[in-house]
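*Asks:* Have a look; sequence and predicted model below, questions after that.
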Amino acid sequence: MRSTPWPDGLRFAFGTLTVLPVRVTRWDRAAARGGMLCAPLAGLVTGAAAAAAGLSLLFLGSGALLAAVATAAVPAALTRGLHLDGLADTADGLGSGKPAEDALRIMKQSDIGPFGVLTLVLVLLAQVAALARAYDGSWARGALAAVVSATTARLALTLAARAGVPAARPEGLGAAVAGVVPPGGALAAAVAVTASAAAGGALLGPYGALRAAAAVVLALAAAELLLRHCTRRFGGVTGDVFGGLAETAATTALVVSSLG
């Protein structure tokens with residue numbers, strides 16, 4: 001197995017998962033492996049930018065709701081809405097009830113169907129409502145929720161790219177990253193993110209540590225359920241499925257972060 005210098009992995013992660021001006025110099029499987037292992041770092045940067053936008057408005061007196069809208073908007077902007085688009089396409093494919101080949105064809109269409117629209121509306125409402133509740137608790141709790149959710153969303157991609165998860169199509173980003181991450185690497189990334197979230201939550205007290213860790217674990221569990229369902233329905237993962245997993249994990253993490 002060819003090793004990948006970490007700069008190549010970082011470029012792959014930031015170049016494919018964000019709109020930041022990072023040039024991807026390698027597209028081979030080794031670079032994809034490094035990129036998927038570095039995906040949580042791209043999420044950390046995205047979450048920090050989202051928290052900065054929300055806190056800026058909050059400190060200017062905008063109130064929790066507008067700060068929550070800004071916080072939810074930044075990850076969408078930093079991905080050009082790619083993950084939201086993938087969520088909508090995945091919802092349309094699953095909602096169609098058609099065989100795998102027909103469902104995959106529906107997902108490739110440029111328009112969004114009723115299942116996709118409904119899913120987008122509900123998910124964005126849930127994200128904004130959860131963030132507003134977290135900001136109502138304190139500015140630090142809202143900022144932590146933003147960072148944890150964005151990082152966990154990309155961690156879900158790391159786990160979905162683990163060995164043993166097939167690609168549904170022979171082409172596309174899903175095929176490029178499917179099965180590239182060793183299970184041990186995926187587990188190590190999950191442990192590191194969960195521990196880091198708990199450490200950040202500990203600054204808000206013992207319950208904050210528990211809540212942050214639970215947000216990561218439950219978000220990954222929700223993403224895993226969706227991953228298994230999509231693998232059964234479509235025969236594997238696609239780029240759209242990866243987007244759906246990221247938004248599912250982000251939303252679940254935000255909802256858990258708003259509780260208590």
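*Replies:* Good, I have the coordinates. Numbering: from 1, shown residues only.
*Asks:* just the helices in the stretch 101-250 of the chain please.
*Replies:* Here the stretch 101-250 of the chain has its helices, by DSSP state H, counting those that start in this stretch, at 114-137, 139-160, 173-177, 183-202, 206-234, 239-258.
*Asks:* Let me have those helices in a markdown table, adding mean neighbour count as columns.
*Replies:* C-beta here means a position set from N, CA and C on the backbone, and glycine is covered the same way. Formatted as a markdown table, the helices of the stretch 101-250 of the chain follow (neighbours: other Cβ atoms under 10 Å):
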| stretch | mean neighbour count |
| --- | --- |
| helix 114-137 | 19 |
| helix 139-160 | 28 |
| helix 173-177 | 22 |
| helix 183-202 | 17 |
| helix 206-234 | 19 |
| helix 239-258 | 28 |
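*Asks:* Which stretch among these approaches Ala39 most closely?
*Replies:* Evaluated with Cβ to Cβ, those place helix 139-160 nearest to Ala39, the distance being 4.0 Å.
*Asks:* The helices of the stretch 101-250 of the chain: which one's closest to Ser62?
*Replies:* Proximity to Ser62 (Cβ to Cβ) singles out helix 114-137 among the helices of the stretch 101-250 of the chain, at 9.9 Å.
*Asks:* for that closest one, packing partners?
*Replies:* Here helix 114-137 touches helix 39-59, helix 64-78, helix 82-96, helix 139-160, helix 239-258, going by 3 or more Cβ pairs under 8 Å, 6 or more residues apart in numbering; DSSP states H and E.
*Asks:* measure the residue in the chain sticking out farthest from the centre to Ala42 for me?
*Replies:* Residue farthest from the centre of the chain, counting by Cα atoms, centre = their mean, is Gly61 at 29.3 Å. Noted for Gly61: a distance of 32 Å to Ala42, by Cβ to Cβ, to the nearest Å.
*Asks:* Within the helices and strands, which one has the residue farthest from the centre of the chain?
*Replies:* Take DSSP states H and E as the rule and Gly61 turns out to sit in neither a helix nor a strand.
*Asks:* so who does it touch?
*Replies:* Contacts for Gly61 (Cβ atoms under 8 Å, 6 or more residues apart in numbering) come out as none.
*Asks:* hmm, back to that, output the helices of the stretch 101-250 of the chain in CSV; the columns should cover mean pLDDT and distance to Gly95.
*Replies:* Output for the helices of the stretch 101-250 of the chain, formatted as CSV (pLDDT from 0 to 100; distance: least, Cβ to Cβ, whole Å):
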stretch, mean pLDDT, distance to Gly95
helix 114-137, 97, 3
helix 139-160, 98, 20
helix 173-177, 84, 19
helix 183-202, 97, 29
helix 206-234, 97, 11
helix 239-258, 97, 12
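*Asks:* Adding distance to Ala31 as columns, could you present those in TSV?
*Replies:* Output for the helices of the stretch 101-250 of the chain, formatted as TSV (distance: least, Cβ to Cβ, whole Å):
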stretch	distance to Ala31
helix 114-137	31
helix 139-160	15
helix 173-177	9
helix 183-202	14
helix 206-234	23
helix 239-258	17
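*Asks:* so Glu224 makes contact with Val165?
*Replies:* No: the pair Glu224 / Val165 is not scored as a contact, 10.4 Å apart, by Cβ atoms under 8 Å.
*Asks:* export stretch 160-171 as PDB, just CAs?
*Replies:* Coordinates of each C-alpha in stretch 160-171 appear next as PDB, following Å, rounded to 0.1, in the frame of the first residue of the first chain:
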ATOM      1  CA  ALA A 160     -18.100   5.800   5.600                       C
ATOM      2  CA  ALA A 161     -14.900   5.600   3.500                       C
ATOM      3  CA  ARG A 162     -13.600   2.600   5.600                       C
ATOM      4  CA  ALA A 163     -12.600  -0.600   4.000                       C
ATOM      5  CA  GLY A 164     -15.600  -2.900   3.300                       C
ATOM      6  CA  VAL A 165     -18.000  -0.200   2.300                       C
ATOM      7  CA  PRO A 166     -18.400  -0.500  -1.500                       C
ATOM      8  CA  ALA A 167     -19.100   2.200  -4.100                       C
ATOM      9  CA  ALA A 168     -22.500   2.100  -5.800                       C
ATOM     10  CA  ARG A 169     -21.000   3.500  -9.100                       C
ATOM     11  CA  PRO A 170     -17.600   2.900 -10.800                       C
ATOM     12  CA  GLU A 171     -17.100   6.700 -11.200                       C
END
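*Asks:* Alright, that wraps it up for me.
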